[in-house]
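> need a structure here:
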Amino acid sequence: MRNYRTFRDIEEAYFREHPEEIDDYIEMLFEEYAKDGDTGALLSSMRVLGRAKGLTKLAEQAGMSRKGVQKALSEEGNPEFASVNAIFHAMGYKLMPQKLDTPNRS
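The predicted structure is shown next:
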């Protein structure tokens, strides 16, 4: 029986080989999240990036356990804001609000 790589495995390998693509990918992830609010998809994609960067190293830098990072970034995860913020800081990013361009907002 042949073992086939999953799309997530291929995606993870791609980002390991092309780390310069991560910034644009994260921007696109959050644009999509702002449109559809699919937290599971966002966290799952961030987990792929975390694995591409190295979960053990990321967990150490975030002050979390490897298992804690994996759980926080799982599709079923419901991480605390502080955990998400710590993970993003460990990845070299910060969370920043951006004003929506929608009419009739005050």
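
> Where does the prediction get shaky in the protein?
103-106 (pLDDT under 70).

> Please, which helix or strand holds the residue nearest in space to the middle of it?
Residue closest to the average C-alpha location in the chain (C-alpha atoms, centre = their mean): residue 46, at 1.6 Å. If you go by DSSP states H and E, residue 46 is part of helix 39-53.

> tell me what that helix is packed against?
Helix 39-53 sits against helix 7-17, helix 22-36, helix 66-72, helix 81-91, with contacts defined as 3 or more C-beta pairs under 8 Å, 6 or more residues apart in numbering; DSSP states H and E. (C-beta placed from N, C-alpha, C; glycine too.)

> can you tell me the helix or strand for residue 5?
Using DSSP H and E, no helix or strand contains residue 5.

> contacting residues for it?
residue 13 (C-beta atoms under 8 Å, 6 or more residues apart in numbering).

> what does the one 3 residues further on give?
Each residue near residue 8 by C-beta under 8 Å, 6+ apart is listed here: 44, 48.

> so how far is residue 89 from it?
Going from residue 8 to residue 89 by C-beta to C-beta, to the nearest Å gives 24 Å.

> Equivalent analysis for residue 98, please.
From residue 98 to residue 89 the distance is 18 Å (C-beta to C-beta).

> Between those two, point out the one with more neighbours.
residue 89 (14 against 8; other C-beta atoms under 10 Å).

> Tell me if I'm right that the more buried one and residue 62 touch.
Yes: taking C-beta atoms under 8 Å as the definition, residue 89 is a contact partner of residue 62 at 7.0 Å.

> Residue 64: neighbour count?
Number of residues near residue 64 (other C-beta under 10 Å) recorded here: 20.

> Over to the one 3 residues further on?
Neighbour count for residue 67, taken as other C-beta under 10 Å: 10.

> Please apply the same query to the one 3 residues further on.
With neighbours defined by other C-beta under 10 Å, the count for residue 70 comes to 16.

> Quickly note the distance from it to residue 20.
In terms of C-beta to C-beta, residue 70 sits 25 Å off from residue 20.
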